[in-house]
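Asks: Build me a model:
(chains A and B)
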Amino acid sequence: MSDSPVDADAVRHVADLARVNLDEEDVETFTEQFGDILSYFDALDEVPSIDREAELVNVMRPDEVTDGLSQDEALQNATETEDGFFKGPNVS
Amino acid sequence: MSYNIFLNEEQIDGAADGPLSEMTIAIKDNISTEGVATTCGSNMLASYVPPYDATVVSKIKDAGATIVGKVNMDEFGMGGTTETSAFGPTKNPVDPERVPGGSSGGSAAAVAAGKADLAIGSDTGGSVRNPAAFCGVVGIKPTYGLVSRYGLIAYANSLEQIGPLANSVEDAARLLDVISGQDPHDGTTRSQGDNSAYADAADGDVSGMTIGVIRELFDGADKRVVETVEQSIEALESQGAETIDVSLASLEHAVQAYYVIAMSEASSNLARFDGVRYGLSGGYDGNWNETFADAREEGFGDEVKRRILLGTYALSAGYHDKYYKKAQDARAWVRQDFDNAFSDVDVLASPTMPVLPPKLGESLSDPLQLYLMDANTVPVNLANLPAISVPAGEADGLPVGLQLIGPQFGEESIIRAASAVEN
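Replies: This is a model prediction of the structure:
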């Protein structure tokens, strides 16, 4: 599709923003599929501007201390921990 | 015959006595169970074990039901066939060559195959009603805010609700009575479901009820589906219900609006999966952006990646107004259209699914075609309304679902109308 809203570079760019590695085969497939899907979304242009009069109310509760997870429970699903902390990769 | 329904058959006993004692129940695997693996159908969470119970799970245990296992689903709820599960597709017990629908396919299949009396699913754009229709069981998507989402692993918060599936409208309503109600852990819950008596509304009495038939949702549907659904609506007329045709112009844009909003919310929600606190680790080589991207490449399947990327795109600078803002306009329009319709009718009717259950492997290759299959279910989520899918009959030996939609917190009306379909 020549008028596709996305090319392979655009797909690589959003994948980078979303922190998802893609191999070249994925980039190719997604570029084609995103063209179809985004073209379909373009019909949203026809939607009139709507006065959104949502009736929203704040939901409040007293700010009281209750039991939460223990440190051990919070850490139990981490692949690596150290001295009671989550262990992550280098920041940079 | 193995239908690949269960991801985990660890039994969790409920209280000795309660409104659901003697009942068995299957729980969708995106709903947290303390000490029992909860995978979301994803390699990302293949070894995740929640340290707490979802509110609905606590309520089900207190009500005395026996949880017989955690059941299969499309990965993170993203799909309508249960084929995007990282653990293989579930087969439809009615016809094992066909999909059970999704994303709560394991939940519907468990009930249809007699593996559980009841099941819990979640419905973001039809994920309870779609498999209920395809497997020939009953499924309810409650009004937004009726049931606590605490402990439901989020996909699109503004759209999703946990809902019951069962073999009868009354049983589904009994389960809804147990799980509904305000929860301090979920600030979006409302009090309308406290002390409910939905099961009492399953009295089969539709005389004097006005049913609006949404013409747009019949137009694109398979002829065999239309015929079966029209027959079940005629049966309600013969029981004293009045029907009128209703037209909702906004529905033409519902699928577009739904996918833009759902994908945008998904891209934000699933950003939490970086492999550090839980989930598949990307290792410790390189900087955090690289290891996070490695974990997410390996942990997520194609459909999840597709939705995260499209959601990121729709929210990115320069495209937000074009996609996300217009989708919110469309959502408000859909809501207005429904509000107007409910000034004239008690419930609205349509086919739940516009097609009969597809064969396994038939529909996965074209994502856009799969999204279009959701045309009849997503408007309900956009408008925060309750809806039920009830078996309308069979076409070519395959189940067809009738969808009945109610006004906000009008669960009694749809339960009453659906129970008359069973007469």
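Asks: Touching, residue A:79 and residue B:284? I think so.
Replies: No: the pair residue A:79 / residue B:284 is not scored as a contact, 9.2 Å apart, by C-beta atoms under 8 Å. From N, CA and C alone the C-beta is placed, and that goes for glycine too.
Asks: residues contacting residue A:46?
Replies: With C-beta atoms under 8 Å, 6 or more residues apart in numbering or on different chains as the criterion, the residues that contact residue A:46 are residue B:253.
Asks: Could you check which of residue A:79 and residue B:284 has the larger neighbour count?
Replies: Between residue A:79 and residue B:284, counting by other C-beta atoms under 10 Å in any protein chain shown, residue A:79 is the more crowded of the two (19 against 13).
Asks: Please name the nearest non-neighbouring residue to the more buried one.
Replies: residue B:281 (3.8 Å; C-beta to C-beta, 6 or more residues apart in numbering or on different chains).
Asks: for residue B:254, what are its contacts?
Replies: With contact taken as C-beta under 8 Å, 6+ apart, residue B:254 is in contact with B:330, B:334, B:375, B:378, B:379, B:382.
Asks: now, among those, which is nearest to chain A?
Replies: Closest to chain A out of these is residue B:330 (4.5 Å), distances taken as C-beta to the nearest C-beta.
Asks: Near that closest one, how many residues? Count them for me, please.
Replies: The burial metric for residue B:330, expressed as a neighbour count using other C-beta under 10 Å, is 28.
Asks: go on, residue A:49?
Replies: The burial metric for residue A:49, expressed as a neighbour count using other C-beta under 10 Å, is 10.
Asks: contacting residues for it?
Replies: With C-beta under 8 Å, 6+ apart as the criterion, the residues that contact residue A:49 are residue B:329.
Asks: distance of it from residue B:330?
Replies: Relative to residue B:330, residue A:49 is positioned 11 Å away (C-beta to C-beta, to the nearest Å).
Asks: how about the helices in the chain?
Replies: Unless you meant another one, I'm taking chain A. Residue ranges of the helices in chain A, as given by DSSP state H, are A:8-17, A:24-41, A:71-75.
Asks: um, chain B though
Replies: When assigned using DSSP H, the helices of chain B occupy the ranges B:55-62, B:105-112, B:129-135, B:169-179, B:216-219, B:223-238, B:254-269, B:288-299, B:302-315, B:326-341, B:367-372, B:378-382, B:411-421.
Asks: In TSV, list those along with mean pLDDT.
Replies: Listed next are the helices of chain B as TSV, based on pLDDT from 0 to 100:
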stretch	mean pLDDT
helix B:55-62	98
helix B:105-112	98
helix B:129-135	98
helix B:169-179	98
helix B:216-219	96
helix B:223-238	98
helix B:254-269	98
helix B:288-299	96
helix B:302-315	97
helix B:326-341	96
helix B:367-372	94
helix B:378-382	98
helix B:411-421	98
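Asks: Any stretches of chain A with poor pLDDT?
Replies: By pLDDT under 70, the low-scoring segments of chain A are A:1-4.
Asks: tell me the centre residue of it?
Replies: The residue at the geometric middle of chain A, judged as the C-alpha nearest the mean C-alpha position with C-alpha atoms, centre = their mean, is residue A:18 (6.5 Å).
Asks: hmm, back to that, looking at the helices of chain B, which is nearest to residue B:68?
Replies: Of all the helices of chain B, helix B:105-112 sits nearest to residue B:68, with 7.8 Å by C-beta to C-beta.
Asks: Figure out how far the closest one is from the centre of its chain.
Replies: A distance of 12 Å separates the C-alpha centroid of helix B:105-112 from that of its chain, computed with C-alpha atoms, centre = their mean, to the nearest Å.
Asks: What is it packed up against?
Replies: Using 3 or more C-beta pairs under 8 Å, 6 or more residues apart in numbering or on different chains; DSSP states H and E as the contact criterion, the neighbours of helix B:105-112 among helices and strands are strand B:6-8, strand B:24-28, strand B:66-71, strand B:118-123, helix B:129-135, strand B:161-166.
Asks: Just name the most buried of those.
Replies: helix B:129-135 (a mean of 35; mean count of other C-beta atoms under 10 Å in any protein chain shown).
Asks: And for that helix, what's in contact with it?
Replies: When contacts are taken as C-beta under 8 Å, 6+ apart, the neighbours of helix B:129-135 outside the stretch itself are B:80, B:82, B:92-94, B:98-105, B:107-109, B:111-112, B:121, B:123, B:138-139, B:141, B:165, B:351-353, B:357, B:373-374, B:377, B:387-389, B:391, B:399-401, B:403.
Asks: And stretch B:227-247, what's buried?
Replies: B:228, B:229, B:230, B:232, B:233, B:235, B:236, B:239, B:241, B:243, B:246 (16 or more other C-beta atoms under 10 Å in any protein chain shown).
Asks: distance between the ends of it?
Replies: Taking C-alpha to C-alpha, to the nearest Å, the span from the opening residue of stretch B:227-247 to its closing residue is 19 Å.
Asks: still on that earlier bit, can you check which of the helices of chain A gets nearest to residue B:361?
Replies: When the helices of chain A are ranked by proximity to residue B:361, the top entry is helix A:24-41, at 17.1 Å, counting by C-beta to C-beta.
Asks: now that closest one: how far from the chain's centre is it?
Replies: With C-alpha atoms, centre = their mean as the basis, the distance from the averaged C-alpha position of helix A:24-41 to the chain average is 18 Å.
Asks: on contacts alone, who are the packing partners of it?
Replies: In terms of contacts (3+ C-beta pairs under 8 Å, 6+ apart), helix A:24-41 is packed against helix A:8-17, helix B:254-269, helix B:302-315, helix B:367-372.
Asks: rewinding a little: now the helices of chain A in a markdown table, with mean neighbour count?
Replies: Shown next, in a markdown table, are the helices of chain A (neighbours: other C-beta atoms under 10 Å in any protein chain shown):
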| stretch | mean neighbour count |
| --- | --- |
| helix A:8-17 | 17 |
| helix A:24-41 | 17 |
| helix A:71-75 | 14 |
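Asks: closest to residue B:250 out of those?
Replies: Checked against C-beta to C-beta, the stretch from the helices of chain A lying closest is helix A:24-41, at 15.8 Å.
Asks: can you list contacts of that closest one?
Replies: Contacting residues not belonging to helix A:24-41 are listed as A:1, A:4-8, A:10-12, A:15, A:22, B:256, B:259-260, B:302, B:305-306, B:309-310, B:313-314, B:323, B:367-368, B:371 [C-beta under 8 Å, 6+ apart].
Asks: how about 7 Å then?
Replies: Contacts to helix A:24-41, defined as C-beta atoms under 7 Å, 6 or more residues apart in numbering or on different chains, come from residues A:1, A:4-8, A:11-12, B:256, B:260, B:306, B:309-310, B:323, B:367-368.
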